[in-house]
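1. Turn this into a structure:
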Amino acid sequence: MAGITMSLGNKIVAMLVLCTVLGGCVSTEELYAEYDAADCKLIANTDANGAVSLHEQHTDTHFPWEPAVYFEFDSSDLSAADIARLDKSMQVLKAFPSLILGLQGFTDKRGGAEYNLALAQQRVQSVKQYLQSQGMAETRIVLQPIGKVLPQISTDDNAARAVNRRVELMLLDNAGRPLALQYAMK
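-> Just a heads-up that it's a prediction; the model follows:
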């Protein structure tokens, strides 16, 4: 966009359109920064099967991203499939060391609130320990055990319970704010 004169409003719109916020590039504090767009690094894409991948804007390197891992009833043990999901997401976390990861732990509706909050804590701890064993610094992980409130699916059948027993992986900028993914148009 060099050589093009734009009003401040058009610059903001252009940054919002061109810029992916995974690098914190459209933060409140930096919205008007002249070189904000240069910090943009990742764009999210969804394939025909619904799998999300992130690709680096400047090199077109693709990284898989898994937004959650799931648990069996009354368990905080990671399955082999969920370890594989975490390994995929570690590629992004290793490539972008300024990103922080929020781990939000959930349970299904069965059991008391206190018990489920403790189970959610065990689940986020389990994910944290695994990520640390793979080289992620403890300072880059924020734990948020939530328990049985805020179910992903509000019905109470077996399928809903299985989805609700999860830890969500939320990318955060270096100030701890959730990043909003912008999806590339095909």
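2. Going by neighbour count, list what's buried in the top helix by length along the chain.
-> If you go by DSSP state H, the chain has its longest helix at helix 113-133. For helix 113-133, the neighbour count (16 or more other CB atoms under 10 Å) marks 116-121, 123-128, 130-131 as buried. (C-beta placed from N, C-alpha, C; glycine too.)
3. Show me what that helix is in contact with.
-> Helix 113-133 has contacts (CB atoms under 8 Å, 6 or more residues apart in numbering) with 69, 71, 74, 76-78, 83, 86, 90, 93, 101, 103-107, 111, 138, 141, 143-149, 167, 169.
4. Give me the mean pLDDT for it.
-> Helix 113-133 comes out with an average pLDDT of 97.
5. Kindly format the C-alpha coordinates of it as PDB.
-> Written as PDB, here are the backbone C-alpha positions of helix 113-133 (Å, rounded to 0.1, in the frame of the first residue of the first chain):
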ATOM      1  CA  ALA A 113     -20.600 -27.700  41.400                       C
ATOM      2  CA  GLU A 114     -17.600 -27.900  43.800                       C
ATOM      3  CA  TYR A 115     -16.700 -31.400  42.600                       C
ATOM      4  CA  ASN A 116     -16.900 -30.300  38.900                       C
ATOM      5  CA  LEU A 117     -14.800 -27.200  39.500                       C
ATOM      6  CA  ALA A 118     -12.100 -29.400  41.100                       C
ATOM      7  CA  LEU A 119     -12.300 -31.800  38.100                       C
ATOM      8  CA  ALA A 120     -12.000 -28.900  35.700                       C
ATOM      9  CA  GLN A 121      -8.900 -27.800  37.600                       C
ATOM     10  CA  GLN A 122      -7.400 -31.200  37.300                       C
ATOM     11  CA  ARG A 123      -8.100 -31.200  33.600                       C
ATOM     12  CA  VAL A 124      -6.400 -27.900  32.900                       C
ATOM     13  CA  GLN A 125      -3.500 -29.000  35.100                       C
ATOM     14  CA  SER A 126      -3.200 -32.200  33.000                       C
ATOM     15  CA  VAL A 127      -3.000 -30.200  29.800                       C
ATOM     16  CA  LYS A 128      -0.600 -27.700  31.300                       C
ATOM     17  CA  GLN A 129       1.700 -30.400  32.500                       C
ATOM     18  CA  TYR A 130       1.800 -32.000  29.100                       C
ATOM     19  CA  LEU A 131       2.500 -28.700  27.300                       C
ATOM     20  CA  GLN A 132       5.300 -28.000  29.800                       C
ATOM     21  CA  SER A 133       6.800 -31.400  29.100                       C
END
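6. Give me the next element, helix or strand, following that helix.
-> The helix or strand immediately downstream of helix 113-133 is strand 141-147, counting by DSSP states H and E.
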